Structure formats: structure tokens, C-alpha cells
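> Sequence plus predicted model, see below.
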Amino acid sequence: MAGITYAVIAAALGLLYLGYTVRFAGILRAADDTESRMLARDLLKVSVLYLPLLFTTLMICATSK
């Protein structure tokens, strides 16, 4: 429906989100409370931005056809 441009951007966003999720998995090895909160906040920020960016990309790619 949206084409190769959407597929590339969606894959890049997905890999970025996966990277932050894997990084967050290390929360149990965090040295202190401050580091674990930083990891959690970073994942929250990425998760809040992920879907709007993905859907905006889909909308732009679908309407440009």
C-alpha cells in the first residue's frame, strides 16, 4: 500500500525501538537508581515517539501515490 519508502523507514524506526528495548533490558545490571531511571525514561520517550512517526510516515507515503 505504501511502498518501499515506508518499508525502509518503518524498519529503521523498528530497529531503533528494538535497540532501546534491548538497552532497557540491562536495567537489572544498572549501577544505581539514577541509571535505571534514565534507561526507563529513554525507553518511554522512544515509545511515545515511535507510533506517531510510524503513522505519519504511512500517511505521507500512502497519499503520495
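Received it, and whenever you're ready, just let me know what you need.
> Next one: the residue nearest the centre of the chain from Ile9, what distance?
Nearest to the mean C-alpha position of the chain, counting by CA atoms, centre = their mean, stands Tyr17 at 3.0 Å. Applying CB to CB, to the nearest Å, the value for Tyr17 to Ile9 is 13 Å. Where you see a C-beta, it was placed from the backbone N, CA and C, and this is true even at glycine.
> re the thing from before, give me the nearest residue to the residue nearest to the centre of the chain, chain neighbours excluded.
Excluding the flanking residues, the one nearest Tyr17 by CB to CB, 6 or more residues apart in numbering is Tyr50, at 5.1 Å.
> and the top helix by length along the chain, what other elements does it pack with?
For the chain, the helix that runs over the most residues, judged by DSSP state H, is helix 33-63. Helix 33-63 makes packing contacts with helix 4-25 when contacts are defined by 3 or more CB pairs under 8 Å, 6 or more residues apart in numbering; DSSP states H and E.
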